[in-house]
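1. Dropping a prediction and its sequence here:
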Amino acid sequence: MKKRIIIYMLSIVAVLSSCSKSFLDEDPLSIYTPDNTLQTAIQYQQATNNLYNGVRNIYMGNINLDTYFGLYYATDFAYNATDYDPAAKLNAYKATMVPSYLIPTGIWTAYYKIITNANLIINRLNNAPQLSDADKNSFLGQALFFRAYSYNVLANLYGGVPVELNELSGPRYDYVRSSRAEVYQQCKKDLQQAIGLLSDINQVPDGTVNKQIAKHVLTEVLISLKDYDGAITSASEVINFPGLSLMTSRFGRRASLPGDVYRDLFEYNNQNYSTGNHEGLLVIQTTLNNSASVGDQTAWAVVPSLTGVRIVESTTKTKMAILYNAKFVDSVSSNGIGWIRPTNHFFYEIWTPGDIRNSSYNIVRDIRISGVPANSPDYGKWYVKDGYKDKVQPADFRDTIRNFYPVIRKTSPSAGDFVSAAGPAILTNVTNPFGGFLLNGASRLFMQKYMARLAETYLLRAEAYIGKGQKQQAADDINVLRRRAQTTEASAAEMNIDYILDERLRELYMEEFRAVTLTRLGLLYDRDKRYNPKSGLTIETYHNLWPIPATEITQNTGAVLEQNQGY
């Protein structure tokens, strides 16, 4: 039937094309093609903005949410709390991480879209007479960066992938996979060219690709190529750049209020270079009520579903909510549904005393009971410290899986900033008995978000030092972060890739795409097996690479697109 319809449509085209000029003919007033839409600097800027938008959609969760959350959970960091018992989705790793699954397909598609759009800009700039040389260099540098960044992510997750560097005028069905090393080499080439074209971070508007973010990504690529000396040099050029530094003292809008410098890094509107934050290498921009912006959904996913937590009130022996009016309160976090549940390894095993990254300003581990009558013996007690959490019955196990676990505040604004981040409808005028205002539901928060911070550059350089066997230098870099975190320093003897991965958890939780980091290192299986209570039960060694999507293989009829082993 489909073939007959196509033939029928072709027949109509043939008949119409044989007619002479008549009232049926149209003279189009506007036809948008790359030839006439990529000519001026404004048009190239719009095309470049589309690259930023593609990355922002991924980082903010403006794609299929299962796909987005798959970058964080089913790792040593977290598991899926909504499909825990019976295990489903990536909690049942072997059953679901297959070539037809939506998560590897969705990520593959999202990054190849960025690559396709970058290729269009790169190839068209060769014939753009209306642009100045400065504009050409700027647009080319940004497009090369996004192409390299995207191919790097794809190589980390899938291994070798097809490399397309040209603008496509029609579909291709004859792709073959380049080796993983070849993909990394292309990333290196693009990034080195981009670095020669881009401006320094202190010379560009907030959120704009710059030399330092390009050198940061190059550092990771060179580690993957085992060029540890090159990676150390690249990282050092970022670390030593005079316009960048770790933020070690209180700063920003809430510097005079209780808190710490780590919390300051994630306060609303504290991320941009222009506000005095010289640690962010590339900050993804978003603003409430801006039609080009999208809101971030990570807080909604990682914050537990606290409104579902009940206790048996001591006097009446009835179940009551621990939260006043069973609503979230802005002094604790934004609204959450408990989708991404961090592992016990993250919450309870990796921390050392005094680490401010684990302070109550950054991870809330206990909540005062306010949902019972004020004359109740339970009123004002602490849910964890006073033993209520320990009394959860087996039938209510989801209390500690989805409804209650420590609250990561990094993805939420502080009390007083919710209206700016999510709109006036999110905040009520009802005061919580123990501070803050009650919140109405909101799944998106319009807050700037780091693609990378200088702290990660130190972690990458430490990784390169370990690759060279220089453990003392690795410890020195790690201890720059640990001194900022006000915790005990690490020794050279402790330095190995596991320590680096734990330090990345401590420093970059809910910032890095953890699945990308672990597949890059070939340690997804190992770390899941040890630390993930669900996906670790079924994951196999071949899952250290994600599968090539089945649709890519079946549609590639002109050549064989090899699948990763094991799938």
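-> Cool, got the structure. These figures come from a predicted structure and were not determined experimentally. Residues are numbered from 1 along each chain as shown.
2. quick one: buried residues of the helix ranked longest in the chain?
-> For the chain, the helix with the greatest residue count under DSSP state H is helix 133-158. Residues of helix 133-158 classed as buried by neighbour count (16 or more other Cβ atoms under 10 Å): 135-158. Heads up, the C-betas are built off the backbone N, CA and C, glycines and all.
3. ok, now stretch 382-396?
-> Residues 383, 388-389, 392 are the ones in stretch 382-396 that count as buried (16+ other Cβ under 10 Å).
4. Need the mean per-residue confidence for the longest helix of the chain.
-> Across helix 133-158, pLDDT averages out at 98.
5. what about the strands in this protein?
-> Using DSSP state E, the strands found in the chain span residues 78-80, 280-284, 310-312, 319-321, 340-342, 363-364, 407-408, 427-431, 437-439, 449-453.
6. For the last one, which residues meet the burial criterion?
-> If I follow you right, that is strand 449-453. Using 16+ other Cβ under 10 Å as the burial criterion, the residues of strand 449-453 that qualify are 449-453.
7. and if you look at the first one?
-> Using 16+ other Cβ under 10 Å as the test for burial, strand 78-80 gives 78-80.
8. From the contact counts, what lies against that strand?
-> strand 340-342 (3 or more Cβ pairs under 8 Å, 6 or more residues apart in numbering; DSSP states H and E).
9. just the fourth one next, same as before
-> Applying 3+ Cβ pairs under 8 Å, 6+ apart, one finds that strand 319-321 contacts strand 310-312.
10. could you dump the buried residues of strand 78-80 to a markdown table with distance to residue 487?
-> Below are the buried residues of strand 78-80 laid out as a markdown table (distance: Cβ to Cβ, whole Å):
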| residue | distance to residue 487 |
| --- | --- |
| 78 | 22 |
| 79 | 26 |
| 80 | 30 |
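11. ok, residue 543 touching residue 526?
-> No - counting by Cβ atoms under 8 Å, residue 526 is not a contact partner of residue 543; they are 10.7 Å apart.
12. who's more crowded, these two?
-> A count of neighbours by other Cβ atoms under 10 Å puts residue 543 above the other of residue 543 and residue 526, at 22 against 19.
13. For stretch 464-471, buried residues please.
-> Using 16+ other Cβ under 10 Å as the test for burial, stretch 464-471 gives 464-467, 470-471.
14. Check stretch 427-439 too.
-> 427, 432, 436-439.
15. Dump these to TSV, plus pLDDT.
-> Below are the buried residues of stretch 427-439 laid out as TSV (pLDDT from 0 to 100):
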residue	pLDDT
427	94
432	95
436	94
437	96
438	97
439	96
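16. Identify, from those, the entry nearest to residue 114.
-> Nearest to residue 114 among the buried residues of stretch 427-439 is residue 439, at 34.3 Å by Cβ to Cβ.
17. check contacts around that closest one.
-> Counting by Cβ atoms under 8 Å, 6 or more residues apart in numbering, residue 439 makes contact with 327-330, 334-335, 418, 426-428.
18. what about 10 Å?
-> Contacts here follow Cβ atoms under 10 Å, 6 or more residues apart in numbering; on that basis residue 439 touches 327-330, 332-335, 415, 418, 422, 426-428, 430, 432.
19. now residue 93
-> By Cβ under 10 Å, 6+ apart, the residues touching residue 93 are 74, 79, 87, 524-525, 528, 532, 534-540, 543.
20. And residue 421, by the same measure?
-> Residues near residue 421 by Cβ under 10 Å, 6+ apart: 268-269, 286-288, 295-296, 299, 334, 412-414, 442, 444-447.
21. pLDDT at it, what is it?
-> Listed pLDDT for residue 421 reads 96.
22. can you check residue 455 too?
-> As predicted, residue 455 sits at a pLDDT of 98.
23. again with residue 187
-> So, for residue 187, pLDDT stands at 98.
24. That one and residue 218: what is the separation?
-> Residue 187 is 8 Å from residue 218, where distance means Cβ to Cβ, to the nearest Å.
25. what residues are shared contacts of these two?
-> 148, 152.
26. rewinding a little: could I get the buried residues of stretch 464-471 as TSV with pLDDT and distance to residue 94?
-> What follows is these, written out as TSV (pLDDT from 0 to 100; distance: Cβ to Cβ, whole Å):
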residue	pLDDT	distance to residue 94
464	98	33
465	98	36
466	98	31
467	98	31
470	98	38
471	98	36
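27. before we move on, the earlier item: would you write a ChimeraX line that selects the buried entries of the contacts of residue 93?
-> Selection of buried members from those for ChimeraX, criterion 16+ other Cβ under 10 Å:
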select :74,79,87,524,525,528,532,534,535,536,538,539,543
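28. Narrow the contacts of residue 93 to those in helices?
-> 524-525, 528.
29. With respect to residue 345, which of those residues is nearest?
-> So of those, ranked by how close each gets to residue 345 (Cβ to Cβ), first place is residue 528, at 10.6 Å.
30. Could you pull up the contacting residues of that closest one?
-> Residue 528 makes contact with 74-76, 79, 90, 93, 343, 515, 518, 534-539, 543-544, according to Cβ under 10 Å, 6+ apart.
31. Go through the contacts of residue 421 and flag which are in helices.
-> Per DSSP H, the subset of the contacts of residue 421 in helices is residue 299.
32. Which entries within the contacts of residue 421 meet the buried criterion?
-> By 16+ other Cβ under 10 Å, those give 268-269, 286, 295-296, 299, 334, 412-414, 442, 444-447 as buried.
33. Could you check how far the most centrally placed residue in the chain is from residue 117?
-> Nearest residue to the geometric centre of the chain (Cα atoms, centre = their mean): residue 59, 4.4 Å. Remark: distance between residue 59 and residue 117 (Cβ to Cβ) = 16 Å.
34. what do you get for residue 538?
-> Taking Cβ to Cβ, one finds residue 538 at 37 Å from residue 117.
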